[in-house]
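Asker: For reference, the sequence and a predicted model appear below.
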Amino acid sequence: MSELIGKKISFIGGGNMAQALISGLLGRGVKPADITVADPSEAIRGSLIDRQIQTVDPTANTDTDNAHIAVTTADVVVLAVKPQVMSKVVADFAPVLDKQLVISVAAGLSTQSLSQMLGGYQNIVRAMPNTPAMIQKGATGLYANTSISDSDKQLAAKLMSAAGLISWVTNEDQLHAVTAVSGSAPAYFFYMLEAMIDAGVRMGLDEKQAAALTMQTALGAAQMAIASDETPAELRRKVTSPNGTTQAAIESLQQHDFHQIIAQAMQACYERSEQISQELAQ
């Protein structure tokens, strides 16, 4: 994290994703005094002040523009507001951008759209994180255009890795695939957990038992897959004894075309990500 030590980092928006990143940064040695958050919510600012984070109200009627202050003093500016309001929010400080690295975690907004909103500013990295970033177990796809320096790419990587794993893509359109594979994917797993818990209850377990067994099994399987040199397919084969209980379950999934169901869901996610990006560009 040496690239981040001493860097001034400003968050435009202090919601869940910003707070997830802030928690990760603090855990990796970044000082609270080096972080500023601009957010109009008094409750959000209050919770951050309790953690000794510097905050500003970008809507406050003061002699100086608070949004300008948050940006001009920063080395890195993280855009963490909803894409639908991004244009209005960044208009307040776009003219004072100089050499800051801008990182956007807003889904769907292309670097081209962001650049237009920022008056042609080019020093932008797009990030597609997911909700486990809130416990520093996230997975984030990153894209940078050719104008980004190697040092700024390293800076962006270090900042986003505070929330978990990162992976660079070479083509911005690949972020639609990142959305399908990781960005929206926690909901797929939550849905499967939900189904397994419901089935366990129908089989006679109480809900608390079914939930505990299901979630611990999911955690253990994920950790095994991460730690193993073998593929998930090979791990599955090793626990599937011929004519055993696991084989019966797997065959049922195969008969109902489980692979195709997952592929179709991910394709629907991919296509909706494309649509949203096109809508926001209009």
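Answerer: That came in fine, so what should we check first?

Asker: which one is Lys137 nearest to, not counting chain neighbours?
Answerer: Gly164 (5.2 Å; CB to CB, 6 or more residues apart in numbering). Quick note: C-beta positions are derived from backbone N, CA and C, even for glycine.

Asker: Helix or strand with the lowest mean pLDDT in the chain?
Answerer: helix 66-72 (a mean of 80; mean pLDDT, DSSP states H and E).

Asker: and this protein, what are its domains?
Answerer: The record's domain split for the chain, according to automatic domain parsing, is 9-175, 185-271.

Asker: Nearest to Leu280, out of those?
Answerer: Proximity to Leu280 (CB to CB) singles out domain 9-175 among these, at 5.0 Å.

Asker: how near is Gln260 to Leu235?
Answerer: With the distance defined as CB to CB, to the nearest Å, Gln260 ends up 21 Å from Leu235.

Asker: Tell me the buried residues in stretch 134-142?
Answerer: Met134, Gln136, Gly138, Ala139, Thr140, Gly141, Leu142 (16 or more other CB atoms under 10 Å).

Asker: could you pull out the strands for this structure?
Answerer: According to DSSP state E, the chain carries its strands in the segments 9-12, 35-38, 54-56, 76-79, 101-104, 124-128, 138-144, 164-168.

Asker: Check the burial of Gly15 by counting its neighbours.
Answerer: 16 (other CB atoms under 10 Å).

Asker: Contacts only, for it.
Answerer: Asp39, Ile44, Ala80, Val81 (CB atoms under 8 Å, 6 or more residues apart in numbering).

Asker: top of these by neighbour count?
Answerer: Within those, neighbour counts (other CB under 10 Å) peak at Ala80, which reaches 26 neighbours.

Asker: Contacts only, for that residue.
Answerer: Contacts for Ala80 were tallied using CB under 8 Å, 6+ apart; they are Phe11, Ile12, Gly13, Gly14, Gly15, Met17, Ala18, Leu21, Val105, Ala106.

Asker: cool, Cys269 as well?
Answerer: Applying CB under 8 Å, 6+ apart, we find Cys269 in contact with Thr179, Ala180, Ser184.

Asker: Is the second one in contact with Glu271, as I believe?
Answerer: In this case it means Ala180. No - with contact defined as CB atoms under 8 Å, Ala180 does not reach Glu271; the gap is 9.0 Å.

Asker: Tell me which of those two has more neighbours.
Answerer: Between Ala180 and Glu271, counting by other CB under 10 Å, Ala180 is the more crowded of the two (21 against 12).

Asker: any idea how far Glu279 is from the more buried one?
Answerer: From Ala180 to Glu279 the distance is 18 Å (CB to CB).

Asker: need the contact list for Ala185.
Answerer: With contacts defined as CB under 8 Å, 6+ apart, Ala185 is in contact with Asn130.

Asker: per-residue confidence for it?
Answerer: Each residue has a pLDDT score; the one for Ala185 is 97.

Asker: Leu219 now?
Answerer: Predicted confidence (pLDDT) for Leu219: 97.

Asker: Likewise for Asn61?
Answerer: Looking at Asn61, its pLDDT stands at 65.

Asker: shaky segments in this structure?
Answerer: Within the chain, the ranges that satisfy pLDDT under 70 run 1-2, 61-66, 282.

Asker: residue closest to the middle of it?
Answerer: Geometric centre of the chain, nearest residue: Pro129, 1.5 Å, by CA atoms, centre = their mean.

Asker: So what does that one look like in phi/psi?
Answerer: Here is the backbone geometry of Pro129 (degrees, to the nearest 10): phi -90, psi 180.

Asker: From Ile44, how far out is the residue of the chain positioned farthest from its centre?
Answerer: What lies farthest from the middle of the chain is Asn243; by CA atoms, centre = their mean that is 41.6 Å. For Asn243, the distance to Ile44 (CB to CB) stands at 57 Å.
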